[in-house]
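Enquirer: Generate coordinates for the sequence data below:
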Amino acid sequence: MSKLTTLPVKGFRDIYPEQMSIRQWLFGKMRETANLFGYQECDGPILEPFDLYAAKSGEELVTQQTFSMKDRGGRDVAMRPEFTPTHARMVSARQQELIYPLRWFSIGPCFRYEAPQKGRGREFYQFDVELIGPTSPLSDAEIIAVAIKLLQSVGLTSKDVVVKINSRKLMEFKLSLLNIPKSQTPNVFRLIDKKDKMNEDAWKKYATTIGLSTDQTKNLQKILTDRDVAFESEELTEVFSTLKDMDVSSFAEYDAGVVRGLDYYTGTVFEVRDRQGAFRAVMGGGRYDNLVELFGGQPLSGIGFACGDMVLMELLEEYGKLPKFPRINPTPTRVLVTIFNESTVRDSLRMVNLLRNNNIPAELYPDSKVKLDKQIKYADRKSIPFVIIAGPNELAKQQVVFKKLADGSQQVISESQLVSLLTSVS
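Expert: Sure thing, here's the model as predicted:
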């Protein structure tokens with residue numbers, strides 16, 4: 001029998017405790033940012049009907065990147081590649097009961113069958129933020145501001161990252177000036193979305209395959225280099241003006257090349273890119289006007305964005321912004337209660353229970369035959385800051401030795417002082 005591999009499935013990850021600490025720190029920043037703007041956390045199932053995504057998510061996502069299968073009942077299902085269709089379905093199910101404007105966010109695993117690469121995997125966690133109900137440019141600006149506030153909260157500045165903003169409505173108008181039929185718009189948007197992912201010759205060839213003439217392709221390239229939105233879109237002008245009032249405009253710029261790859265976007269769209277160009281989009285989103293209707297709901301507009309944990313953490317590592325946790329094994333444990341010998345096991349149990357009952361994370365070394373110096377070495381390697389030692393002499397006086405591993409100092413204290421001391425020291 002061959003040995004089983006120690007590697008995870010391609011595109012999936014093992015998360016060890018030190019990596020988990022960083023991810024939980026990042027999730028904490030996401031929750032803090034969403035709560036700062038009044039957004040409530042929700043969640044949905046990882047497995048959804050395949051039709052939920054086939055309806056509007058985009059051909060490439062549905063046909064090439066979705067993990068799809070038949071369940072035991074013969075139904076077509078898919079592992080969640082994104083949150084927005086789930087949120088739209090949930091809104092439609094209880095549309096009359098919800099309070100609008102609706103501010104929701106989610107953090108959870110998503111799955112896409114794409115080639116693993118820098119900042120991209122087949123399993124990732126996604127932070128998704130949605131503002132549903134209002135249609136004003138003010139709401140577009142709020143969602144973009146949430147994204148920017150998250151970037152700021154993890155230490156990124158406008159010198160590190162930029163939010164590139166565009167409007168699909170504006171682009172549809174510009175495409176009409178090139179005599180591109182409205183029926184061709186989705187194909188041209190996909191072409192634009194691939195501009196940074198293909199070399200120029202391959203991109204021009206792709207333009208030909210979707211029916212664009214040489215002149216149309218040339219004029220489209222000129223449109224994509226435009227960086228001035230003045231007098232072109234009243235909505236975008238208001239978005240940029242609002243971002244200035246919110247004191248985050250240094251992060252934002254107009255980019256005609258941003259259209260996003262999902263078919264359900266209808267208005268403002270945006271992407272976050274790093275200034276050095278080392279990564280693809282770090283996060284992105286946009287407005288959708290008819291997604292809720294697909295599930296039988298009343299017309300209801302929304303705007304949102306999503307951010308994957310992998311690409312953001314790799315970006316933070318690249319820019320030196322990840323937090324420095326102690327050594328390699330961050331632990332919630334505040335104190336290790338040692339076992340002096342077999343005769344003191346019950347006393348050590350009593351002390352560790354006392355600490356836990358007072359909400360102090362504590363470990364008991366689980367083997368009375370292990371020498372004391374090895375127990376202390378274990379605490380040191382695991383970055384547990386404090387150790388309690390209680391031998392027969394100390395126990396006879398209802399005392400313990402309290403040891404601080406950072407500097408090796410120790411003191412004898414009464415058992416009754418344990419809780420107050422551990423609550424006060426850092």
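Enquirer: Do you know the pLDDT at residue 34?
Expert: Looking at residue 34, its pLDDT reads 97.
Enquirer: Please apply the same query to residue 225.
Expert: 87.
Enquirer: Share the number of residues neighbouring it, please.
Expert: Per other Cβ atoms under 10 Å, the neighbour tally for residue 225 reads 9. All C-beta spots, glycine's among them, are computed from the backbone N, C-alpha and C.
Enquirer: Not counting sequence-adjacent ones, nearest residue to it?
Expert: Leaving out its chain neighbours, the residue that sits closest to residue 225 by Cβ to Cβ, 6 or more residues apart in numbering is residue 256, at 7.4 Å.
Enquirer: Alpha carbons of stretch 340-353, in PDB - could you do that?
Expert: Only the C-alpha atoms of stretch 340-353 are listed here, as PDB (Å, rounded to 0.1, in the frame of the first residue of the first chain):
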ATOM      1  CA  PHE A 340       5.200  18.800  40.900                       C
ATOM      2  CA  ASN A 341       4.700  15.100  41.400                       C
ATOM      3  CA  GLU A 342       2.000  12.500  41.600                       C
ATOM      4  CA  SER A 343       1.000  13.500  45.100                       C
ATOM      5  CA  THR A 344       0.100  17.100  44.000                       C
ATOM      6  CA  VAL A 345      -2.100  16.200  40.900                       C
ATOM      7  CA  ARG A 346      -5.400  17.000  42.700                       C
ATOM      8  CA  ASP A 347      -4.000  20.300  44.000                       C
ATOM      9  CA  SER A 348      -2.900  21.300  40.500                       C
ATOM     10  CA  LEU A 349      -6.300  20.300  39.100                       C
ATOM     11  CA  ARG A 350      -8.000  22.500  41.800                       C
ATOM     12  CA  MET A 351      -5.900  25.500  40.800                       C
ATOM     13  CA  VAL A 352      -6.400  25.200  37.100                       C
ATOM     14  CA  ASN A 353     -10.200  24.900  37.600                       C
END
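Enquirer: circling back to that earlier point, tell me if I'm right that the residue nearest to residue 225 and residue 224 touch.
Expert: Yes. Using Cβ atoms under 8 Å, residue 256 is in contact with residue 224, at 5.2 Å.
Enquirer: And those two? Which one has more around it.
Expert: Neighbour tally, residue 256 and residue 224, criterion other Cβ under 10 Å: the higher count belongs to residue 256, 22 against 17.
Enquirer: so who does the more buried one touch?
Expert: Counting by Cβ atoms under 8 Å, 6 or more residues apart in numbering, residue 256 touches 166, 171, 174, 223-227.
Enquirer: same thing but at 7 Å, please
Expert: 166, 223-224, 226 (Cβ atoms under 7 Å, 6 or more residues apart in numbering).
Enquirer: before we move on, back to that, quickly find the element holding the residue nearest to residue 225.
Expert: Using DSSP states H and E, residue 256 sits within no helix or strand.
Enquirer: any idea how far it lies from residue 174?
Expert: Remark: distance between residue 256 and residue 174 (Cβ to Cβ, to the nearest Å) = 8 Å.
Enquirer: Which neighbours do those two have in common?
Expert: Going by Cβ under 7 Å, 6+ apart, residues that sit against residue 256 and also against residue 174 are residue 223.
Enquirer: quick one: least confident helix or strand in this structure?
Expert: Using mean pLDDT, DSSP states H and E, helix 59-60 stands out as the lowest-scoring helix or strand of the chain, at a mean of 62.
Enquirer: Any idea how many residues pack against the residue nearest to residue 416 when sequence neighbours are not counted?
Expert: Among residues not flanking residue 416 along the chain, residue 398 sits closest, at 7.6 Å (Cβ to Cβ, 6+ apart). Using other Cβ under 10 Å, residue 398 has 11 other residues around it.
Enquirer: Surely residue 398 and residue 417 touch.
Expert: No. Applying Cβ atoms under 7 Å as the test, residue 398 and residue 417 come out as separate, 10.3 Å apart.
Enquirer: in the stretch 51-200 of the chain, which segments are predicted with low confidence?
Expert: 55-62 (pLDDT under 70).
Enquirer: Would you state the strands of it in chain order?
Expert: 68-70, 76-79, 102-111, 123-133, 161-167 (DSSP state E, counting those that start in this stretch).
Enquirer: packing partners for the second one?
Expert: What that stands for is strand 76-79. Packing contacts for strand 76-79, counted by 3 or more Cβ pairs under 7 Å, 6 or more residues apart in numbering; DSSP states H and E, involve strand 47-49, strand 68-70.
Enquirer: So which of those strands is nearest residue 28?
Expert: strand 47-49 (27.2 Å; Cβ to Cβ).
Enquirer: how distant is that closest one from the center of its chain?
Expert: 21 Å (Cα atoms, centre = their mean, to the nearest Å).
Enquirer: contact partners of that strand?
Expert: Contacts of strand 47-49 (Cβ under 7 Å, 6+ apart): 76-80, 86.
Enquirer: And the chain, what are its domain boundaries?
Expert: Annotated domains of the chain cover 17-318, 335-424 [automatic domain parsing].
Enquirer: I'd like those domains laid out as a markdown table, including distance to residue 7.
Expert: Formatted as a markdown table, these follow (distance: least, Cβ to Cβ, whole Å):
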| stretch | distance to residue 7 |
| --- | --- |
| domain 17-318 | 12 |
| domain 335-424 | 26 |
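Enquirer: Among those, show me which one is buried the most.
Expert: domain 17-318 (a mean of 18; mean count of other Cβ atoms under 10 Å).
Enquirer: Distance across that one, terminal residue to terminal residue?
Expert: 21 Å (Cα to Cα, to the nearest Å).
Enquirer: Show the low-confidence segments of the stretch 201-350 of the chain, by residue range.
Expert: Where the stretch 201-350 of the chain drops to pLDDT under 70, the residues are 325-330.
Enquirer: those strands in it, which residues are they?
Expert: Counting by DSSP E, counting those that start in this stretch, the strands of the stretch 201-350 of the chain are 252-254, 268-274, 283-288, 301-308, 335-337.
Enquirer: partners of the second one in the sheet?
Expert: This means strand 268-274. Sheet pairing here is set by DSSP bridges, and for strand 268-274 it gives strand 161-167 (antiparallel), strand 283-288 (antiparallel).
Enquirer: Ok, the fourth one next?
Expert: Take DSSP bridges as the rule and strand 301-308 pairs in its sheet with strand 123-133 (antiparallel), strand 283-288 (antiparallel).
Enquirer: right, so of these, which gets closest to residue 354?
Expert: Set against residue 354 and scored by Cβ to Cβ, those come closest in strand 123-133, at 37.2 Å.
Enquirer: Can I get that closest one in CSV, CA atoms only?
Expert: Output of strand 123-133 as CSV, limited to C-alpha atoms (Å, rounded to 0.1, in the frame of the first residue of the first chain):
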residue,chain,number,x,y,z
GLU,A,123,-10.8,27.5,-1.4
PHE,A,124,-10.6,31.0,0.2
TYR,A,125,-12.5,33.0,2.8
GLN,A,126,-14.4,36.0,1.5
PHE,A,127,-15.5,39.2,3.2
ASP,A,128,-18.6,40.4,1.5
VAL,A,129,-20.4,43.7,2.2
GLU,A,130,-23.8,44.6,0.8
LEU,A,131,-26.0,47.8,1.0
ILE,A,132,-29.4,46.9,-0.4
GLY,A,133,-32.3,49.3,-1.1
